[in-house]
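[1] Please find the sequence and the predicted model below.
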Amino acid sequence: MEIQATKALHRRGIDPILRAYGFGALSFLGPRLLGLIFAKVRQRKGRNKSRANGKTEEKKHTGADILRILRQTLDIHRFPAFCGFTVTARLILQPLFEKLLSADARINPGGNPAATALVSRHGLASFSAGALAAAGGLQLLNARQTGDAGRTLDLTLFALTRAVDIVVGELWERRKDRRVRAGKFNKLDSSIGYVADSLVFAVSTAVIMFAWFYYPEKLPAAYNKQIVNIAKADHRLVETLRQIRNGDFIYGVTTDVPPVLPSYCTDLGLPPAWGDPAQTIPIPCEVVHGGQTKSCELFALRRFWIATWKTAFPLYLGLNMVKFLRPRRPAASALLRALFEAVRSSAFLGSFVGIFWYAICLTRTRIGPRLLKTLDPLAFENLCVKVGCLLCGWSILVETPHRRTEIAFFVAPRALAVLLPRTYNPRHQWIENTVFALSSGVILTVLRHKPQRIRGVFGKLLRKIVTE
């Protein structure tokens with residue numbers, strides 16, 4: 001009996017806490033150690049080999065950096081402690097709230113069979129325990145915060161998007177069940193469910209790409225760098241689009257702000273006058289194409305090809321092959337499936353880039369002037385970026401449905417972060433705490449009572465970590 005009780009204690013209490021803390025530690029350590037390794041590799045490549053003491057100094061600094069990261073991992077105000085604290089607090093508070101609440105089977109006397117676990121006694125206890133535990137965990141993360149608040153905003157927005165997905169998904173399933181029973185579920189309803197994740201991704205990427213063009217300071221530096229590497233757009237071309245939006249680049253007028261396109265044209269071997277708005281109206285497509293071709297179609301295909309095979313394919317192939325780093329020999333069918341998945345994901349990214357650039361060309365020179373004849377050329381220079389931002393995200397349809405879900409809810413919190421201030425007055429911290437607590441309460445409640453509602457890898461990971 002004592003052995004069984006000990007096993008039950010581990011299974012229901014200690015094991016989830018250890019798994020949560022371990023997950024938090026891996027999430028905290030992994031990116032930092034990899035970043036340190038890559039930084040040291042870059043330092044070594046750029047270091048002058050003639051310096052005799054270079055290697056010794058590097059080892060000392062590397063060791064000190066690793067120790068610093070390990071000490072941060074054990075800090076009570078870091079992410080690993082947050083994960084462990086939140087799960088511990090939830091396990092302690094759950095039975096307490098169940099005792100405090102009424103012993104009735106349902107809080108609502110109506111007995112609605114469609115009611116979810118959130119309106120049951122156990123469900124309300126789970127929500128209360130999860131929300132309070134998450135609020136305490138977030139407070140722990142921000143306990144040493146100095147200056148403006150906003151350090152945990154990304155975590156809060158991630159929880160919010162997942163909670164909204166759960167609630168909207170539950171409401172949609174109820175509606176679907178009612179319409180199926182009534183024989184009213186039609187192709188339009190099916191289409192809405194099919195494109196929902198794609199719509200989330202398309203809107204999110206539209207916000208992010210628009211911010212990259214006109215408000216790059218709203219994006220993290222690493223995010224800006226990734227988009228630059230994928231888009232392959234010269235900074236002078238992007239700066240010109242910003243000048244157009246700010247009114248510093250006007251066709252037929254010489255403004256106080258000198259244009260940057262003439263130097264770009266010179267580097268491309270094109271006439272510098274093509275980049276001067278006082279001399280050339282509108283900017284020739286060949287300048288937008290980087291001097292590669294006059295054809296908008298060939299340029300879009302070239303962008304698609306480069307983004308697919310040179311940029312994305314090596315990355316996705318490596319990610320898909322990681323699963324085969326096991327001792328046993330993989331089956332040929334599994335290798336082919338991994339190769340196909342890498343090609344599909346690479347085509348998605350290539351389509352994203354190709355659609356973006358082709359939408360710009362179609363709007364400013366091909367279709368736009370024919371449909372909207374009253375607009376002047378400068379208006380199309382503003383409109384083309386917006387159209388490109390709106391259309392490029394629909395490349396997600398190349399991916400499989402489950403991959404669309406993962407990608408959409410990876411990008412959505414970052415789009416929300418663009419719309420909100422990155423830092424704010426600490427006196428408004430209670431708003432973030434409340435949003436995070438309510439969102440986490442929904443997630444942890446559904447995880448306990450209806451775990452299949454949490455979609456994707458995130459749901460599978462949570463079930464493995466928190467399952468008692």
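    Right, received. Where do you want to start? Numbers count the residues shown, from 1 in each chain.
[2] Flag every buried residue along stretch 247-263.
    Buried residues in stretch 247-263, counted by 16 or more other Cβ atoms under 10 Å: D248, F249, Y251, P259, V260, L261, P262. Placement of C-beta: from N, CA and C, glycine included.
[3] nope, stretch 422-434 is what I was after
    Residues Q429, E432, N433 are the ones in stretch 422-434 that count as buried (16+ other Cβ under 10 Å).
[4] Among the buried residues of stretch 247-263, which are located in helices?
    L261, P262 (DSSP state H).
[5] ok, of the buried residues of stretch 247-263, which one's closest to L70?
    V260 (46.5 Å; Cβ to Cβ).
[6] Please determine how far that closest one is located from R236.
    4 Å (Cβ to Cβ, to the nearest Å).
[7] Likewise for D148?
    According to Cβ to Cβ, D148 and R236 sit 34 Å apart.
[8] same check, this time on K460
    46 Å.
[9] So for those two, which residue has more residues nearby?
    R236 (17 against 12; other Cβ atoms under 10 Å).
[10] In JSON lines: the buried residues of stretch 422-434, plus distance to H402 and pLDDT.
    Converted to JSON lines, these look like this (distance: Cβ to Cβ, whole Å; pLDDT from 0 to 100):
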{"residue": "Q429", "distance to H402": "36", "pLDDT": "91"}
{"residue": "E432", "distance to H402": "31", "pLDDT": "93"}
{"residue": "N433", "distance to H402": "33", "pLDDT": "94"}
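[11] and which of the residues you listed is nearest to A359?
    Nearest member of the buried residues of stretch 422-434 to A359, counting by Cβ to Cβ, is E432, at 36.1 Å.
[12] Now that the closest one has come up, it's in contact with T152, right?
    Yes: counting by Cβ atoms under 8 Å, E432 touches T152, with 7.1 Å between them.
[13] Overlap in contacts, those two.
    The contact sets of E432 and T152 overlap at L138 (Cβ atoms under 8 Å, 6 or more residues apart in numbering).
[14] Tell me the one of the buried residues of stretch 422-434 nearest K99?
    Distance to K99, by Cβ to Cβ, is smallest for N433 among the buried residues of stretch 422-434, at 25.7 Å.
[15] isn't there a helix covering that closest one?
    Yes: N433 sits within a helix when classified using DSSP: H, G, I helix; E, B strand; the rest coil.
[16] From R181, how far off is it?
    N433 is 41 Å from R181, by Cβ to Cβ.
[17] Which secondary structure elements does the longest helix belonging to the chain sit against?
    Identified as the longest helix of the chain according to DSSP H is helix 15-46. When contacts are defined as 3 or more Cβ pairs under 8 Å, 6 or more residues apart in numbering; DSSP states H and E, helix 15-46 packs onto helix 54-74, helix 79-100, helix 456-466.
[18] Out of those, which gets the lowest mean score?
    Of all the helices and strands packed on helix 15-46, mean pLDDT reaches its minimum on helix 54-74 (a mean of 70).
[19] residues of stretch 204-215 that come out buried?
    S204, T205, A206, V207, I208, M209, F210, A211, W212, F213.
[20] And stretch 23-38, by the same measure?
    For stretch 23-38, a neighbour-count test (16+ other Cβ under 10 Å) marks F23, G24, A25, F28, L29, R32, L36 as buried.
[21] could you redo those residues as JSON lines and give each row distance to I465 and pLDDT?
    Formatted as JSON lines, these follow (distance: Cβ to Cβ, whole Å; pLDDT from 0 to 100):
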{"residue": "F23", "distance to I465": "5", "pLDDT": "87"}
{"residue": "G24", "distance to I465": "9", "pLDDT": "87"}
{"residue": "A25", "distance to I465": "12", "pLDDT": "87"}
{"residue": "F28", "distance to I465": "15", "pLDDT": "85"}
{"residue": "L29", "distance to I465": "16", "pLDDT": "84"}
{"residue": "R32", "distance to I465": "21", "pLDDT": "81"}
{"residue": "L36", "distance to I465": "26", "pLDDT": "78"}
